[in-house]
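Trainee: got a structure for you, letters missing:
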């Protein structure tokens with residue numbers, strides 16, 4: 001079930017979202033064409049063991065712009081394309097950049113917390129994008145999201161995003177309990193999602209207060 005678009009208009013063009021997608025694609029294509037794919041991942045991916053030793057801290061940011069393959073980057077950029085524009089619109093461009101990097105950072109730290117001795121690089125924008133999903137779910141739970149399965153269907157974001165998060169949480173739990181290594185960093189997704197939901201809370205609360213004031217006005221003076 002892949003989202004392809006949503007029925008949730010924005011007030012302005014999502015310049016930051018487009019730019020993030022472009023940067024990720026250019027870096028991925030550039031490393032492939034230059035033949036430096038493996039070297040780039042080794043140099044700029046997050047290695048938990050090194051981070052906890054105070055080494056290569058810059059990778060907490062650089063790792064967000066690296067991907068392990070076509071399907072990896074396609075899936076991440078598709079989700080960012082569908083959901084990023086609305087979160088950017090709600091926060092404003094400057095705050096959205098900070099939000100995106102912050103949720104990606106928390107995602108990496110969550111992964112490190114459960115894999116402290118790992119020397120396998122963590123890469124990908126999925127932690128930051130999980131933060132975008134957490135924010136989207138809180139602000140627009142009933143927005144219609146068009147997904148492709150056996151057919152194209154419009155489903156509430158609460159179902160699409162909620163199902164995605166539950167799946168990540170279950171997988172992270174299984175991996176953690178079993179004590180095995182997984183190719184997908186599920187805990188990073190969980191950490192990023194929760195961070196996104198928490199960071200967007202001020203916006204959510206502000207919107208609720210506005211709705212409450214509007215409702216009170218209509219009831220009292222309508």
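Mentor: Yep, it's here. Just so it is clear, the model here is predicted, and its values are computed rather than measured.

Trainee: can we go C-alpha only for contacts and neighbour counts from here?
Mentor: Will do.

Trainee: Just give me the neighbour total for residue 142.
Mentor: 14 (other CA atoms under 10 Å).

Trainee: do residue 94 as well
Mentor: The number of residues packed near residue 94 is 10, by other CA under 10 Å.

Trainee: tell me the contacts of it?
Mentor: Listed by CA atoms under 8 Å, 6 or more residues apart in numbering, residue 94 has no contact partners.

Trainee: Secondary structure element for the residue nearest to the spatial centre of the chain, which one?
Mentor: In the chain, the centroid-proximal residue (CA atoms, centre = their mean) is residue 129; its distance is 1.3 Å. Assigned by DSSP states H and E, residue 129 belongs to helix 126-139.

Trainee: contacting residues around that helix?
Mentor: For helix 126-139, contacts defined as CA under 8 Å, 6+ apart pick out 64, 76, 79-80, 83-84, 86-87, 100-108, 157-158, 161-162, 188-201, 204.

Trainee: what do you get if the cut-off is 6 Å, keeping everything else the same?
Mentor: Helix 126-139 is contacted from outside by 76, 100, 103-104, 107, 188-189, 192-193, 196-197, 200, using CA atoms under 6 Å, 6 or more residues apart in numbering.

Trainee: any chance of those residues in TSV, plus distance to residue 4?
Mentor: As requested, these are exported to TSV (distance: CA to CA, whole Å):
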residue	distance to residue 4
76	12
100	21
103	23
104	23
107	24
188	23
189	20
192	22
193	20
196	21
197	22
200	23
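
Trainee: what's the closest of those residues to residue 119?
Mentor: Proximity of these to residue 119 was ranked by CA to CA; the top entry is residue 188 with 15.8 Å.

Trainee: Can you get me a residue count around the closest one?
Mentor: Neighbourhood size, residue 188 [other CA under 10 Å]: 29.

Trainee: Residue 86 versus that one, what's the distance?
Mentor: According to CA to CA, to the nearest Å, residue 188 and residue 86 sit 22 Å apart.

Trainee: could you pull out the strands for the protein?
Mentor: For the chain, the strands defined by DSSP state E cover 2-6, 144-148, 152-156.

Trainee: Tell me which of the ones you listed approaches residue 120 most closely.
Mentor: strand 2-6 (28.3 Å).
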